[in-house]
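Visitor: Got a predicted model here, sequence first, then my questions.
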Amino acid sequence: MRPAHLAHNDPYLEHDFGSIQLGENTIFWKIDYYDLDLQMHSPDPSDETVTARVLTIMLAEEY
């Protein structure tokens, strides 16, 4: 069983989002899985032959 405080941050157990505190800044990161044309979600995120992974990094205040 996972801790209750993680349930709202990772409801699908994908582990594709996180945040870190750096000084006074909170930084978010997110990994998305697209098809190779970057038009739609990947049909199989675990298959690197049909998946392009995109990492987004941003300040929490930009969200």
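Guide: Perfect, I can see it now.
Visitor: pLDDT weak spots in this structure?
Guide: 1-9 (pLDDT under 70).
Visitor: residues touching Ala52, list them.
Guide: Listed by C-beta atoms under 8 Å, 6 or more residues apart in numbering, the contact set of Ala52 reads Tyr33, Tyr34, Asp35, Leu36, Leu38, Ser42. Where C-beta positions appear, they are placed from N, C-alpha and C, glycine not excepted.
Visitor: Please read the previous query as pertaining to Trp29.
Guide: Trp29 makes contacts with Phe17, Gly18, Ser19, Ile20, Leu55, Thr56, Ile57, as judged by C-beta under 8 Å, 6+ apart.
Visitor: hmm, try it at 7 Å
Guide: Gly18, Leu55, Thr56, Ile57 (C-beta atoms under 7 Å, 6 or more residues apart in numbering).
Visitor: so how far is Pro43 from it?
Guide: Counting by C-beta to C-beta, to the nearest Å, the gap from Trp29 to Pro43 is 24 Å.
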